[in-house]
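A.B. asks: sequence? don't have it. structure:
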């Protein structure tokens, strides 16, 4: 009897201890190296580190990675299991990542919300106990915005960004709140699921990450150094900081160089302007007159004061004087000037002066016709109201008239004409003096 009782107790004890032994044996097999799908030495975020179980007889994986990303703390194991929480102890508001054994198919779980990647690489949300007609809101404090029903479909980048901004997801049914889920860690979880699905590729790291090149990752149990991570893209190089005095001298040298360049450009431009002005022909009197007419017409169009400034009048008078001085002298003015010179300066009588001018113009004319210079002199005398007969009556020396009539036309130059004019002036002066002396004597 005692034997039966002891045997029954032994069997009952074995039955009660068998599940515990099986539970202890299963995790040890699950933590084998062949079940690892992630390398904990590859950092998931800046400042993450690979840690080891240092306790003797510790239960679980020998290594894991921990750090902080997107404002939340995280820890993941080689089999893909991860926890995200706003506290370092990872014990409140937990967002868990669970993976199928020996696969990279993972999903994030928090309360009634499940986040996973579909076959197209798009995120989908699954909410437990949600019925048709329920409405969804994104709450932040006392502010709420209604979300479309498309959040239960594959998420668009816009909806994913909106849910990653934080806050709480509120489910209402007939105006009553049915569920409220915190979205803290949503952005970090979505980045982690993509990173695992891409086999820890650096192209799908969280935002704000420099692109790593996996240099010096053989050592474990240390914090990753951001300066040891390089980017395949060209990065701006830091320039050495110079002392303030050196910077000031450099800036002064640069300013002086720029001033020298500007000075040379101004000199070249001014030289080119002077050369261009010198090459241009001087405007003639007709051009100056036409230019003044254009200026007068332009001033009439835009309107000018009735009394122009004195400076403008003086400048206009000077320009007119220069134009008149540069203009070509008219033939009548030249003949009148010659007659006045012969009468006033040399002392010839008017008839003799006219005869000399006629002789000069006939000799200057290449054709030697009667319609030469004599006709122009006679026309000028007619304009002045003096007739040739009056000049002949005023003449008192018949020898001069005979000499002029008997003289043959000859080709004379201006120099010879001037010399003859002076000679005749002296001769006529002596003749007039002798005649006056004869008249004075009884």
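C.D. replies: Nice, I can see it. Just so you know, these numbers come straight off a predicted model, no measurement behind them.
A.B. asks: for residue 101, grab phi and psi.
C.D. replies: Main-chain torsions, residue 101, degrees, to the nearest 10: phi -60, psi 130.
A.B. asks: so it sits against residue 36, correct?
C.D. replies: No: contact criterion Cβ atoms under 8 Å: residue 101 and residue 36 do not qualify, at 10.7 Å. C-beta here means a position set from N, CA and C on the backbone, and glycine is covered the same way.
A.B. asks: what sits in contact with each of the two?
C.D. replies: residue 79 (Cβ atoms under 8 Å, 6 or more residues apart in numbering).
A.B. asks: of the two, give the one with the bigger neighbour count.
C.D. replies: More crowded of residue 101 and residue 36, by other Cβ atoms under 10 Å: residue 36, with 17 against 10.
A.B. asks: ok, and the closest non-adjacent residue to the more buried one?
C.D. replies: Nearest residue to residue 36 in three dimensions, chain neighbours excluded: residue 78, at 3.5 Å (Cβ to Cβ, 6 or more residues apart in numbering).
A.B. asks: count of neighbours near the one you found?
C.D. replies: 18.
A.B. asks: swap in residue 149?
C.D. replies: 11.
A.B. asks: which strand or helix spans the nearest residue to it once chain neighbours are set aside?
C.D. replies: Leaving aside its sequence neighbours, residue 149 sits nearest to residue 136 (Cβ to Cβ, 6+ apart; 7.4 Å). Using DSSP states H and E, residue 136 maps to strand 135-140.
A.B. asks: okay, now the sheet partners of that strand, with direction.
C.D. replies: Strand pairing for strand 135-140, determined by DSSP bridges: strand 143-147 (antiparallel), strand 168-173 (antiparallel).
A.B. asks: out of those strands, indicate the one that is most buried.
C.D. replies: strand 168-173 (a mean of 18; mean count of other Cβ atoms under 10 Å).
A.B. asks: next SSE downstream of it?
C.D. replies: strand 176-182.
A.B. asks: packing partners of that following strand?
C.D. replies: strand 168-173 (3 or more Cβ pairs under 8 Å, 6 or more residues apart in numbering; DSSP states H and E).
A.B. asks: and the strand it packs on with strand 176-182, angle?
C.D. replies: Going by axes from the mean of the first three to the mean of the last three Cα atoms, to 10 degrees, strand 168-173 is angled at 160 degrees with respect to strand 176-182.
A.B. asks: mean confidence score for strand 168-173?
C.D. replies: The average pLDDT for strand 168-173 rounds to 94.
A.B. asks: how about the helices in the stretch 101-250 of the chain?
C.D. replies: Using DSSP state H, counting those that start in this stretch, the helices of the stretch 101-250 of the chain run over 157-164, 186-197, 244-279.
A.B. asks: looking at those, which is nearest to residue 45?
C.D. replies: Of all the helices of the stretch 101-250 of the chain, it is helix 186-197 that lies closest to residue 45, at 8.4 Å by Cβ to Cβ.
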